[in-house]
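>>> Just the structure for this:
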Amino acid sequence: MSERIKLADELHRKGYSCSQSVAVACADMVDVPKEFLFKATEGFGFGMGTMDGVCGALTGGLLIAGLKNSTGNLVTPKSKAATMKISKAMMNSFREKCGAIICRELKGVDSGKMICSCPECIMHGVEVVEENLK
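The predicted structure is shown next:
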């Protein structure tokens, strides 16, 4: 288990959302203050706040992917395709590890059967960041 996974788990137990836990635990990979990552991902937790959206652990990771890969060039944006490729790989990997990417499906809201707990989603969220953003 990586140090980032351990940190993300600690942060979640402190009250961080799944999204905040993954993004802040991966802060060392991007040149962005932890406080910014915490604020930027606050609305992504709990499946975009409704359980109907993509799992917060994954969205936190996708935010890190954009921050890590984007050129940030506002005049001539040329990194979008490469970042989307990374995002797709992360989503596919997360789906493989967790069984779904939508929060309510992961938590079994409609089926009554949880397929992946929040701590597991957070662990896999950090894993897909580490695997795809070496």
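
>>> Every contact and neighbour count from this point should use C-alpha atoms.
Noted.

>>> mean confidence for whichever helix in the chain runs longest?
When the chain is parsed with DSSP state H, its longest helix is helix 80-98. What helix 80-98 shows for mean pLDDT is 97.

>>> Next, Val54: phi, psi?
With angles defined as degrees, to the nearest 10, Val54 sits at phi -60, psi 140.

>>> Next one: it from Phe46, what distance?
Applying C-alpha to C-alpha, to the nearest Å, the value for Val54 to Phe46 is 9 Å.

>>> how many other residues sit next to Val75?
Val75 has 6 neighbouring residues, counting by other C-alpha atoms under 10 Å.

>>> Just confirm it is within a helix.
No. Val75 is assigned coil when assessed by DSSP: H, G, I helix; E, B strand; the rest coil, not a helix.

>>> May I have the predicted confidence score for it?
96.

>>> Next up, the contacts around it.
Contacts of Val75 were listed using C-alpha atoms under 8 Å, 6 or more residues apart in numbering, and none were found.

>>> about what we covered before: please enumerate the shared neighbours of Val54 and Phe46.
With C-alpha under 8 Å, 6+ apart, Val54 and Phe46 have common neighbours Cys103.

>>> ok so, going back, show me what the longest helix of the chain is packed against.
Here helix 80-98 is seen to pack against helix 56-69, helix 118-132 when contacts are counted using 3 or more C-alpha pairs under 8 Å, 6 or more residues apart in numbering; DSSP states H and E.

>>> which other helices and strands contact the shortest one?
When contacts are defined as 3+ C-alpha pairs under 8 Å, 6+ apart, helix 56-69 packs onto helix 18-25, helix 45-48, helix 80-98, helix 118-132.
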